[in-house]
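>>> quick one, structure for this:
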Amino acid sequence: MNELALQTYEMARRSVVKVLRQPALVIPPILFPLIMMGINVSGLDAATEIPGFPTDSYLDFAIAFPMIQGALFASINAGSSVARDVETGFLNRLALTPMQRAAMLLGLFTGEMLIAFVSTLIYLAVGFAAGLHFASGFAGVLVLLALSLLIALAFAGLGAFIGLRTGSPEAVQGVFPLLFVFLFLSSGSLPRDLIEHDWFRIVATWNPVSYLFEGLRSLIIFGWQARELALGFGFAAAIAVLGVFGATTALRTRVAVR
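Numbers count the residues shown, from 1 in each chain. Below you'll find the predicted structure:
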């Protein structure tokens, strides 16, 4: 195992252990999205009777919601973790060691993606137990897992960028409501073409989170839709590139300043 891979493994293990030692960082990203999904499924089930609604099961439509919401929690965890490292001086001490900078971020992202992977499996298990139908079959489940991991990386990158720029866990937590605005001003609850209010439909169309929802949802409801999958993976990859680049630049600046 080369040096970068070994250092990345150690940082990823540290990231996972830190989360597991704090139940408050494990339970909310899994439990709260499931609660929200349950509320939406029970409260909005009548929406399936709207002409043009893509499925007769709101569960099939809503299962993507906990995956996106869980990724948002991952971004807060990643940002708070790295901000705490800045605040406690761990990052400064790390800079004095032979540890490569890339290993720190790679380890952080790997740890968050591992947690997101387990969370997604739990969401799917609950969904299948409740009667979830998967139009694209087993191969579609694998593609959905890949897309959900890319989305988790994208939001974790944004969280790490904010954490490194501010160096304050409180500042990272303060961004959480803003991220939730993007979640709710999207096609998460209704398809864009069924949103009656023009301003809401326009905002949802310009909101990249809508295409993350639609990419995940297409595998469940429709099977294989090249356009929706391309947009979903494309926007997730674009956000991931911006987040990782921003986090890398912020880490370089933070270490240089210190």
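
>>> quick one: contacts for the nearest residue to Ala130 once chain neighbours are set aside?
Leaving aside its chain neighbours, Ala130 sits nearest to Leu59 (5.9 Å; criterion: CB to CB, 6 or more residues apart in numbering). C-beta here means a position set from N, CA and C on the backbone, and glycine is covered the same way. If you count contacts by CB atoms under 8 Å, 6 or more residues apart in numbering, Leu59 has them with 41, 127, 130-132.

>>> just those residues: which are in helices?
41, 127 (DSSP state H).

>>> closest one of the contacts of Leu59 to Pro66?
The closest of these to Pro66 turns out to be Gly127 (CB to CB; 8.6 Å).

>>> correct me, but that closest one touches Ala64?
No: with contact defined as CB atoms under 8 Å, Gly127 does not count as touching Ala64 (10.0 Å).

>>> more neighbours: these two, which one.
Set Gly127 next to Ala64 and count neighbours by other CB atoms under 10 Å: Ala64 wins out with 28 against 21.

>>> quick one: contacts for that one?
188, 213, 216-217, 220.

>>> list the residues that contact the closest residue to it other than its chain neighbours.
Distance criterion CB to CB, 6+ apart; nearest residue to Ala64, sequence neighbours excluded, is Leu216 at 4.0 Å. Neighbouring residues of Leu216 by CB under 8 Å, 6+ apart: 63-64, 67-68, 144, 147-148, 232.

>>> list the buried ones in the longest helix along the chain?
Across the chain, the longest stretch assigned as helix under DSSP H is helix 226-257. By 16 or more other CB atoms under 10 Å, the buried positions in helix 226-257 come out as 228-229, 231-233, 235-236, 239-240, 243-244, 246-248, 250-251, 254.

>>> re the thing from before, ok, the residue nearest to Ala64 to Asn40 distance?
Relative to Asn40, Leu216 is positioned 15 Å away (CB to CB, to the nearest Å).
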